[in-house]
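In: quick one, structure for this:
(2 chains)
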2 protein chains.
Amino acid sequence: MDINILRHSTAHLLAHAVVELFPGTQLTIGPATEDGFFYDFVAPRSIKEEDLDHIQARMWELSQKNYPIEHKQISKDEARVIFKDNPFKLELINEIPEATVGITIQGDWIDLCRGGHVACTGDIKHFKLLNVSGSYWRGKRDGQALQRISGTAFFSREDLEEFDRIRQEAALYDHRKLGKQLDLFSFHEEGVGFPFYHPKGKAVINAMINYLRHEQDLAGYKEVQTPMMLSEGLWHRSGHWNFYKDNMFFCGMDHENYAVKPMNCPGAFLIYNERPRSYRELPLRVSEFGMVHRNELSGVLHGLLRVRAFTVDDAHIFITPDQIESEVLGIIALLKRVLTKYGLTNIKAFLATRPEKAMGSTAIWEKAEAALKAALDKVGMAYEVDAGGGAFYGPKIDFKFTDSLKREWQCGTVQLDFFQPENFDLTYVAPSGQKERPVIVHRALYGSVERFFAVLLEHYKGALPFWLAPEQVRILTITDDAIAYGQDILNQLKAMQVRAVLDQSSDQISAKIRTAQVEKVPMMLVLGKKEVEHNTISVRTLDGKQEMGVSVEAVKQKISALR
Amino acid sequence: MDINILRHSTAHLLAHAVVELFPGTQLTIGPATEDGFFYDFVAPRSIKEEDLDHIQARMWELSQKNYPIEHKQISKDEARVIFKDNPFKLELINEIPEATVGITIQGDWIDLCRGGHVACTGDIKHFKLLNVSGSYWRGKRDGQALQRISGTAFFSREDLEEFDRIRQEAALYDHRKLGKQLDLFSFHEEGVGFPFYHPKGKAVINAMINYLRHEQDLAGYKEVQTPMMLSEGLWHRSGHWNFYKDNMFFCGMDHENYAVKPMNCPGAFLIYNERPRSYRELPLRVSEFGMVHRNELSGVLHGLLRVRAFTVDDAHIFITPDQIESEVLGIIALLKRVLTKYGLTNIKAFLATRPEKAMGSTAIWEKAEAALKAALDKVGMAYEVDAGGGAFYGPKIDFKFTDSLKREWQCGTVQLDFFQPENFDLTYVAPSGQKERPVIVHRALYGSVERFFAVLLEHYKGALPFWLAPEQVRILTITDDAIAYGQDILNQLKAMQVRAVLDQSSDQISAKIRTAQVEKVPMMLVLGKKEVEHNTISVRTLDGKQEMGVSVEAVKQKISALR
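Out: Model (predicted):
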């Protein structure tokens, strides 16, 4: 059986329990999700985290009563009578195109439902409620505010326990917790959903950007910077207005309306169009570490994983149709190199192909899809095909990796675009002298720098690798006699642009080491009398290993190798 | 005689000529400015650049008529009769606190005027009209739109000619022109006042930021990043609302009003207040390359010199009152080091001291001013004192330098602040265990990265020094046989993070060199048959000097020395 059926049935069990415990509750919808289910309610009083145990206990009772779960089709008019007091269900009934609608009955409880359930409530045994949050009817910010209870369910106790174990481990290494512990970033009510990077967090962000900037430079990318705000007319032209306006921020300026950019694309197109382009310039790889703002619902914000302002490691690559395969091959190779640098090696690709409604000729779609497949094959990357799942303007590849907590994350995307070159009248002069349309590749490797940072923090449980660590080296003096020597080493490391700090406090060396370990500093240089005398260093790493009598030169070489 | 008297008199001569040529013109104000004068009008038709010659000719005629210039005091009622058709003058008359007002008469022309003129119109001989622009009554964007004619005047022909020469030279090296010629940046109507950095411009901006980031790291600064938008309430608290709201952009979010930050300060204060601070942490130097947005009037926008979005190399330094002198000394030393790196050595300081209305005790003001003076003296920097010119919340030092076209530019500022620590309730735990208030130093060295970039472009006439040049090295192959060798050198330079490009086109080497010179590439590596054979390089610099037979290792060392 599909686990979604079990989970959707558990959502019903939850709704059944809530209606019994909170009479007068109005039900809305309760679908299965990627790793569980939820149900959204309008309850007569606010439901709290503390209520979940009680609700779960009632769910157990209903499970043990082992009601058969009956599903049947009834006329819409019959349904309207049953749900006459529930405006949400009445709205749903009106929208169903068929003449009849499905209902589900267990005991004396009834819900409007398309169907797909376990046979009896007793089949639902291994479930857990997880949290309460706020939501909106149909996910729209101007819709009715609802309360959402989320949970999960499995076929076996072992699966539920494994889920719980991973969840607890993830909670232990929740990036929000690590962000506070390691003094990396904070959030403030004066800027809901906007991260404030503290010096250590900013050091990591800078390292991430500088590393990719260098890799992209080697790969022939050219970095630009486009404005944070652009006029409303441009967003109409680009089509973002229609799809995105509810998530965009607007400012008035010169009696015009400006939008804070939710995407970087239009700025790149204006730069492309700044002067005539020749085929000799293609592929033209225009990159931007562009900060975008999106007005996400406050209920879905989640640390750095879901913010209202984030930096996209964006690139817009202008190519001829013949360059698709070689360019995508280059992008995938770069993606692999970059993820490997971050210790992420388990990468899967998902190829989304031509949907029914699509623009551009069948010929170019076929050519493009064949080119994407060929590139994936050549680089030897496993992929699944989502047939018909592409956007109307071109096929795309999404990339996902699995982290150390076995969770899958989407990061990079390669999206071909046949639409915007027409829309912005982008051209290049072909060898024939004729003007031709380029194809655009939209590309990101991290996706969102903020989100990627959060994932890395959890993946590494806070102990970032040397090259990425906010503080890479801490110099610890055992006695005050070693301070001058420590200062000298500090200066040498700083000149090498190593992120180094000198702890010359009067604390005991054991306490200093403990502090550095808690703060996850990957390399400690311990300096005492002997080290000063012999001009050496005791090198200690986060795993507790210590190497004595290392020369300064050897330490520098060690560090250079780790960067 | 004060040149401002001559220039103000020339503004009158201009107004006199305009009223004669454009009957019905309403006069507003016509002051002397730093290097000339202007007069703002409401004319019956739009005045164009083409009209300036004609107006200037009429000014000549009026000068040659040598009218005596008479100034006298009359009653306000008499003045109201004279200016009865001019609402601007009537408004000005009402605002004059004295019982009488001044008027100036030359021939049959009269203006309301405080006084200070040359004796006769014939004394005005060496003048020039420069341009026409738009302005607003009282400089307010909701005021009446006016036309402004600007010009200048000198006592001697030589001075006017020198002014003209420098102006023409400046026009030749106008950064807007260089920006286009060198493909550095552009402006677009979709984002008025917002620069679009092309790859070469972005390379310079990155070099400027990375250089200062490293210097600041060595000087103990810690970089943060705060959001682009913060809630309206915070700007009320910081006081920016009162002074700045007309220049701020606002967005709605979560039923609140958010402001796009016009300054970086409040974000830094929130980070300071994120946890308790100890005296051991002070001086705490919090830096941010923070992009701020200000809604400047479209009429005052001027390339990168005056934009609506710019990056401040900001720092907020939290210190004890005893640390003022040593901290300011450190800042001035850093400023000197940084400006020297940019080839700017002619630096002057301007110390603005306690105004009449000021907050904080006299004792702390005296201590602070003495500390600022002591720091300037110790570092041996010339300074002028602007007595009483400080802000109410603390004294400050402004720094100006003179560029190669002999123009003075303000860049850095050191502003002490006794107000915001109270306002944001910032404290640190003193050695006694008591909570104390820190003093804040607001500090910028570039000021605006955009503006500093513009000034550098003009100062260097586009030929930026090696370390700053967008493209540092161009490798030019004489024959195709040299391409593989060139590629190898390119890879070696790129690995060193040198901004290098290989020109392997089939153009003649002389044409390649000419192109590189026009594009102001500071170093050209010319590779022909002989170079490939001997594994050497011909090194050519922008001044036309060429050195043959240099080894690759020697070229790398040359480059390392230039960075």
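In: contacts for stretch A:130-140?
Out: Applying C-beta atoms under 8 Å, 6 or more residues apart in numbering or on different chains, the contact partners of stretch A:130-140 are A:28, A:36, A:40, A:47-49, A:51-52, A:88, A:142-152, A:246, A:297, A:299. From N, CA and C alone the C-beta is placed, and that goes for glycine too.
In: try stretch A:30-41
Out: Under C-beta under 8 Å, 6+ apart, the answer for stretch A:30-41 is A:3-5, A:7-8, A:10-12, A:14-15, A:18, A:22, A:25-29, A:47, A:111, A:130, A:135, A:137, A:146-153, A:163.
In: picking up where we left off before, tell me which of the contacts of stretch A:130-140 fall in helices.
Out: A:51-52, A:88 (DSSP state H).
In: which ones are touching the residue of the stretch 451-563 of chain A at minimum distance from chain B?
Out: For the stretch 451-563 of chain A and chain B, the shortest gap (C-beta to the nearest C-beta) falls at A:Lys494, measuring 5.8 Å. Applying C-beta under 8 Å, 6+ apart to A:Lys494 gives the contacts A:500, B:217-218.
In: write out the residues of the stretch 301-450 of chain A neighbouring chain B.
Out: Counting by C-beta under 8 Å from any C-beta of the partner chain, the stretch 301-450 of chain A comes close to chain B at A:308-309.
In: quick one: the strands in the stretch 301-450 of chain A?
Out: Applying DSSP state E, counting those that start in this stretch to the stretch 301-450 of chain A gives strands spanning A:309-319, A:347-352, A:383-386, A:396-402, A:408-417, A:428-429, A:435-436, A:439-448.
In: what do you get for the stretch 51-200 of chain A?
Out: Using DSSP E, counting those that start in this stretch, strands in the stretch 51-200 of chain A cover A:70-75, A:100-106, A:109-112, A:126-136, A:145-154, A:185-186, A:196-197.
In: in a markdown table: those strands, plus mean pLDDT, distance to A:Val539 and mean neighbour count.
Out: Below are the strands of the stretch 51-200 of chain A laid out as a markdown table (pLDDT from 0 to 100; distance: least, C-beta to C-beta, whole Å; neighbours: other C-beta atoms under 10 Å in any protein chain shown):
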| stretch | mean pLDDT | distance to A:Val539 | mean neighbour count |
| --- | --- | --- | --- |
| strand A:70-75 | 93 | 68 | 12 |
| strand A:100-106 | 94 | 65 | 19 |
| strand A:109-112 | 94 | 64 | 20 |
| strand A:126-136 | 93 | 44 | 17 |
| strand A:145-154 | 95 | 46 | 21 |
| strand A:185-186 | 98 | 30 | 23 |
| strand A:196-197 | 98 | 30 | 24 |
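In: ok, now which ones touch A:Leu178?
Out: So A:Leu178 contacts A:184, A:457-458, A:461-462 (C-beta under 8 Å, 6+ apart).
In: and if we set it to 7 Å?
Out: The contact partners of A:Leu178, by C-beta atoms under 7 Å, 6 or more residues apart in numbering or on different chains, come to A:457, A:462.
In: hmm, A:Val455 is touching A:Arg407, no?
Out: No: assessed by C-beta atoms under 7 Å, A:Val455 is found out of contact with A:Arg407, at 8.5 Å.
In: more neighbours: the two, which one.
Out: Taking neighbours as other C-beta atoms under 10 Å in any protein chain shown, A:Val455 and A:Arg407 compare with A:Val455 leading, 24 against 14.
In: tell me how far the more buried one lies from B:Gln504.
Out: A:Val455 sits at a distance of 41 Å from B:Gln504 (criterion: C-beta to C-beta, to the nearest Å).
In: do the same with A:Asn210
Out: A:Asn210 is 29 Å from B:Gln504, by C-beta to C-beta.
In: out of those two, which sits in the busier spot?
Out: B:Gln504 (18 against 15).
In: relative to chain A, how far out is the more buried one?
Out: B:Gln504 sits 12 Å away from chain A, taking C-beta to the nearest C-beta, to the nearest Å as the criterion.
In: look up phi and psi at that residue.
Out: The phi and psi values for B:Gln504, taken as degrees, to the nearest 10, are phi -110, psi 20.
In: show me the domain layout of chain A.
Out: As given by automatic domain parsing, the domain ranges for chain A are A:3-155, A:178-218+A:266-459, A:473-562.
In: how about the ones you listed in JSON lines, adding distance to B:Lys125?
Out: Shown next, in JSON lines, are the domains of chain A (distance: least, C-beta to C-beta, whole Å):
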{"stretch": "domain A:3-155", "distance to B:Lys125": "69"}
{"stretch": "domain A:178-218+A:266-459", "distance to B:Lys125": "46"}
{"stretch": "domain A:473-562", "distance to B:Lys125": "60"}
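In: wait, which of these is closest to B:Val550?
Out: Among those, domain A:178-218+A:266-459 comes nearest to B:Val550, with 24.9 Å by C-beta to C-beta.
In: next, the distance between the ends of the closest one.
Out: Separation of the first and last residues of domain A:178-218+A:266-459 by C-alpha to C-alpha, to the nearest Å is 11 Å.
In: kindly report the same for stretch A:429-447.
Out: Start-to-end span of stretch A:429-447 (C-alpha to C-alpha) is 32 Å.
In: stretch A:271-285 now?
Out: With C-alpha to C-alpha, one end of stretch A:271-285 sits 12 Å from the other.
In: and it, what's buried?
Out: Neighbour counts over stretch A:271-285 (16 or more other C-beta atoms under 10 Å in any protein chain shown) mark A:271-272, A:277, A:282-285 as buried.
In: so which of these sit within strands?
Out: A:284-285 (DSSP state E).
In: okay, and the beta partners of A:Val42?
Out: A:Gln26 (DSSP bridges).
In: contact residues of the stretch 151-300 of chain A facing chain B?
Out: By C-beta under 7 Å from any C-beta of the partner chain, the residues of the stretch 151-300 of chain A that approach chain B are A:186, A:188, A:190-192, A:194, A:196-199, A:202, A:205, A:214, A:217-218, A:222-231, A:234, A:249-251, A:253-254, A:260, A:267, A:270-271, A:274, A:291, A:295, A:298.
In: please repeat the previous calculation with a cut-off of 6 Å.
Out: Residues of the stretch 151-300 of chain A lying close to chain B (C-beta under 6 Å from any C-beta of the partner chain) are A:186, A:188, A:190-191, A:194, A:196-197, A:199, A:202, A:218, A:222-227, A:230-231, A:234, A:249, A:251, A:254, A:270-271, A:274, A:298.
In: what's around the closest residue to A:Ile317 other than its chain neighbours, how many residues?
Out: Using C-beta to C-beta, 6 or more residues apart in numbering or on different chains and skipping residues adjacent in sequence, the residue nearest A:Ile317 is A:Val441, 4.1 Å away. A:Val441 has 24 neighbouring residues, counting by other C-beta under 10 Å.
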